[in-house]
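Trainee: My questions are about this predicted structure, shown below with the sequence.
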Amino acid sequence: MPDNDALGKRGRALEDEYFRRQEQQLIEKLRARAAEDAVRRQLSERSGVADDEILADLQALGYTPDTVTLLHLVPLVQIAWAEGGVSDRERQLIVEAARAHGVEAGSPADAQLAGWLDNCPSDVFFERTLRAVGAVLESTPAGERQTAGRDLLAYSSAIASASGGILGFGKVSEAERQVLARISEELERNHAGAAKRVAGGA
């Protein structure tokens, strides 16, 4: 009888421990989910992106609320890397653009930008980021969207011509032209999508 009691107590203790572990795992999952949702809300607020799929992409690509301000600078980084390396002049222009967009020296965003200029991100990173940039512009008012699109293309063109020609200006390579065309295509696609939605809601 005592042996049966001991076995019963041990069985109940193991069962209790099992349920405690299950409960702890559930609590940890809920906390992790809440933290992820909070980060996603911050990303949405700071980027202007409302689409959950694109926000998930941004998180998967490593963007944080501190670095998502770099979103519009990534096409410039892509242009700079189009020929396989970033020149000093290209780096200078991109850093100037970053300062104009409020990226402070020594900030997490500044450190991330320096990392991208030192080590080329993947094609997937560039493509998904460009898609997110398009989504941000698509959600902005028409006047702001057009201005931002023009500014992005102007900055991109300046980067493309920064390392060629006489005194570093005037020459755009075929690789750079292709990247410029892809940026322009994404901007036009999202401009058309925004116009269609406005017409449909009229």
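Mentor: Nice, I can see it.
Trainee: Show residues contacting stretch 99-110.
Mentor: Thr64, Asp66, Thr67, Thr69, Leu70, His72, Leu73, Ala98, Leu113 (C-beta atoms under 8 Å, 6 or more residues apart in numbering). C-beta: built from backbone N, CA, C; applies to glycine.
Trainee: burial of the residue lying closest to the second one once chain neighbours are set aside, as a residue count?
Mentor: With C-beta to C-beta, 6 or more residues apart in numbering as the measure, Pro108 is the residue that lies nearest to Asp66, at 4.1 Å, once sequence neighbours are left out. Other residues near Pro108 number 15, with proximity taken as other C-beta atoms under 10 Å.
Trainee: ditto for the one 4 residues further on
Mentor: The burial metric for Gln112, expressed as a neighbour count using other C-beta under 10 Å, is 20.
Trainee: And it, how far from Ala56?
Mentor: Here Gln112 is placed at a distance of 19 Å from Ala56 (C-beta to C-beta, to the nearest Å).
Trainee: Let me see the backbone angles for Gly85.
Mentor: Taking degrees, to the nearest 10, you get phi -170, psi 150 for the backbone angles of Gly85.
Trainee: Just the buried positions in stretch 62-74, please.
Mentor: Tyr63, Pro65, Thr67, Val68, Thr69, Leu70, Leu71, His72, Leu73, Val74 (16 or more other C-beta atoms under 10 Å).
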